[in-house]
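Asks: what shape does this take:
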Amino acid sequence: MKKFLQTIMAIILVIGAFIAPSIALADSDGSTTEEVVNEKFGAPIVVYGGNLTEEQKNSVKESLKITDSSDIQEIEVTGQDLVTYLKDGDASARMFSSAKITRKDAGKGLVINIVTPDNITEVTSEMYANAMLTAGIQDAVVEIAAPKPVTGHSALVGIYKAYEVTGGKLDTERTDVANDELSVATILSEEAGIDEAKVSELLTEIKKQIAEQNPVTREEVEKIVSEQLSKLQIELSEKDRQLLIDIMDRIRQLDIDFSKWSDQLNDLSKTIDEKVGNLVDNEGFWQSVKNFFNNLIDSIRSLFN
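Replies: Purely as a prediction, here's the structure:
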């Protein structure tokens, strides 16, 4: 019986060790720090999908922690904005994903937070960051939310609109390419079956090489794409490979100061490397947990034999 009790205690301790790290503690007084408004850019902008019902809009506000006392500007993004920022935008498109954007001083970088991850089904924070860099948005904190499952693509157009409302200026050629880049990223993830983090890593590494090598022909871009696919051990169909080359060649032709791009891409690359590393580590971790409990179950069974 003593051996049995020791075994039970071991189980309880191990379960506690696994569960404890997943619990986040709030501030003891439950208070939050009031955000200081950067008077250079004005109050943060919250842009709502134009097709939200009042109930859905309230749900988005709750997700973004917006209250009646929040110092913000509120606007809507509609299908007409798609026409403004995208060459083939459909004015009748339905828009649900929403975002809050807070512009920051130069050098602060991008911070992307999807606050309703279960409702943004295709686009990851790294995909948003990559597309925003392509569009010309470099320093901002962006929070993205949706009241129901959506792909998340319309949030990018909302971010463009909010950025310009705060005084930023975007080139529509770049916003169009950025949106297509986001589409390619989701195609590679959803249809080609590549892990989302690996897709973001691939796009970032290719863009870093474009920034460093400054290719002048499509053939040089194709060489960079091939090298990174090989380096990251990613296999694509010929169709998907050409899709990737096409979008990267369009990026190569944009009026971008690639020397200023490098630091942002390096920061993004570090974030993605950590996520990819965590995926690998987690696989090994959970396999060890599985093995532990399998062995534990065998030990318990032996007590009764």
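Asks: all strands of the stretch 201-305 of the chain, in order?
Replies: In chain order, the stretch 201-305 of the chain shows no strands, with DSSP state E, counting those that start in this stretch as the criterion.
Asks: would you map the helices across it?
Replies: The residue ranges that make up the helices of the stretch 201-305 of the chain, judged by DSSP state H, counting those that start in this stretch, are 218-231, 238-252, 258-303.
Asks: weakest of those helices by average pLDDT?
Replies: When the helices of the stretch 201-305 of the chain are ranked by mean pLDDT, helix 258-303 comes last with a mean of 54.
Asks: residue 166 against residue 42, yeah?
Replies: Yes. In this structure, residue 166 is within contact of residue 42 by CB atoms under 8 Å, at 5.8 Å. Just so you know, the C-beta spots here come from the backbone N, C-alpha and C atoms, and that holds for glycine as well.
Asks: could you give the number of residues near residue 107?
Replies: Residues near residue 107, counting by other CB atoms under 10 Å, number 9.
Asks: excluding chain neighbours, what is closest to it?
Replies: In space, not counting the residues next to it along the chain, residue 107 is nearest to residue 139; the distance is 6.8 Å by CB to CB, 6 or more residues apart in numbering.
Asks: equivalent analysis for residue 93, please.
Replies: Excluding the flanking residues, the one nearest residue 93 by CB to CB, 6+ apart is residue 79, at 4.2 Å.
Asks: that neighbour is in contact with residue 85, isn't it?
Replies: No. In terms of CB under 8 Å, residue 79 does not count as a neighbour of residue 85; the distance is 11.3 Å.
Asks: quick one: which of those two has more around it?
Replies: Just comparing residue 79 and residue 85: by other CB under 10 Å the higher neighbour count belongs to residue 85, 23 against 17.
Asks: for residue 136, what are its contacts?
Replies: Residue 136 makes contact with 168, 170, 171, 174, 175, 256, according to CB atoms under 8 Å, 6 or more residues apart in numbering.
Asks: do the same with residue 70
Replies: For residue 70, no contacting residues are found, by CB under 8 Å, 6+ apart.
Asks: okay, it: pLDDT?
Replies: The score at residue 70 is 86. That number is its pLDDT.
Asks: what about it, which SS state?
Replies: Three-state call for residue 70 (DSSP: H, G, I helix; E, B strand; the rest coil): coil.
Asks: leaving out chain neighbours, which residue sits closest to residue 55?
Replies: Nearest non-adjacent residue to residue 55, counting by CB to CB, 6+ apart: residue 147, 7.9 Å away.
Asks: typo on my end, residue 183
Replies: Once flanking residues are discounted, residue 183 sits nearest to residue 153: 7.5 Å by CB to CB, 6+ apart.
Asks: kindly report the same for residue 135.
Replies: Ranked by CB to CB, 6+ apart and with sequence neighbours excluded, the top spatial neighbour of residue 135 is residue 178, at 3.8 Å.
Asks: give me the neighbour count for that neighbour.
Replies: When counting by other CB under 10 Å, one arrives at 29 neighbours for residue 178.
Asks: my read: it touches residue 127, true?
Replies: No. The pair residue 178 and residue 127 does not pass the contact test of CB under 8 Å, sitting 10.5 Å apart.
Asks: so where do the helices sit in the stretch 1-150 of the chain?
Replies: Along the stretch 1-150 of the chain, the segments classed as helices by DSSP H, counting those that start in this stretch run 2-19, 54-63, 79-85, 125-135.
Asks: which strands or helices does the last one pack on?
Replies: For helix 125-135, the elements it packs on are strand 110-114, strand 140-145, helix 153-165, helix 172-190, helix 196-213, helix 258-303, judged by 3 or more CB pairs under 8 Å, 6 or more residues apart in numbering; DSSP states H and E.
Asks: who touches it?
Replies: Residues contacting helix 125-135 (CB under 8 Å, 6+ apart): 110, 112-114, 138, 140, 142, 144, 152, 155-156, 159-160, 170, 174-175, 177-179, 181-182, 185-186, 196-197, 199-200, 203-204, 207, 251, 254, 261, 264-265, 268, 271-272, 275.
Asks: distance of the residue nearest in space to the middle of the chain from residue 54?
Replies: With distances taken as CA atoms, centre = their mean, the chain has residue 125 as the residue nearest its mean C-alpha position (0.8 Å). Here the distance between residue 125 and residue 54 works out to 28 Å (CB to CB, to the nearest Å).
Asks: what's around the residue nearest to residue 183, how many residues?
Replies: Residue 153: 20 surrounding residues under other CB under 10 Å.
Asks: try residue 89
Replies: There are 16 residues near residue 89, going by other CB under 10 Å.
Asks: hang on, it packs against residue 78?
Replies: No. In this structure, residue 89 sits apart from residue 78 without contact. The criterion is CB under 8 Å, and the distance is 10.4 Å.
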